[in-house]
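Engineer: test case, fold it:
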Amino acid sequence: MVPDIRELMAERPFVPFTIHLVDGGEAHVPTVDHVSVTATGNRVFVSYDDGKYDAIRPLMISRVTVDENLNGSGS
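Structural biologist: Purely as a prediction, here's the structure:
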């Protein structure tokens with residue numbers, strides 16, 4: 001899933017996406033500035049406007065969905 005996330009991060013124009021986790025949680029990525037992947041690919045970080053963040057291990061990711069209906073809605 002990390003290669004898919006890297007591809008989504010490189011898309012122009014950027015399209016928001018959601019990372020779904022195996023425990024049923026999810027992390028919404030509204031802009032490219034809200035997500036980063038370590039060089040080794042062993043963590044995906046999703047940051048939030050309130051200063052909090054999620055550090056996600058790749059094995060915890062069940063799927064990634066593109067939120068095309070949110071494109072351009074801003075955040």
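
Engineer: whatever helix or strand residue 65 lives in pairs with which strands, and in what direction?
Structural biologist: Using DSSP states H and E, residue 65 falls within strand 61-66. Strand pairing for strand 61-66, using DSSP bridges, gives strand 17-21 (antiparallel).

Engineer: who's in contact with the most centrally placed residue in the chain?
Structural biologist: Centroid check for the chain by Cα atoms, centre = their mean gives residue 29 as the closest residue, at 4.5 Å. Residue 29 makes contact with 8, 16-19, 35, 46, according to Cβ atoms under 8 Å, 6 or more residues apart in numbering. C-beta here means a position set from N, CA and C on the backbone, and glycine is covered the same way.

Engineer: all strands of the protein, in order?
Structural biologist: 17-21, 26-29, 35-37, 44-47, 53-56, 61-66 (DSSP state E).

Engineer: which other residues reach the last one?
Structural biologist: Okay, so that is strand 61-66. Contact with strand 61-66 is made by 1-2, 4-5, 8, 15-22, 44, as judged by Cβ under 8 Å, 6+ apart.
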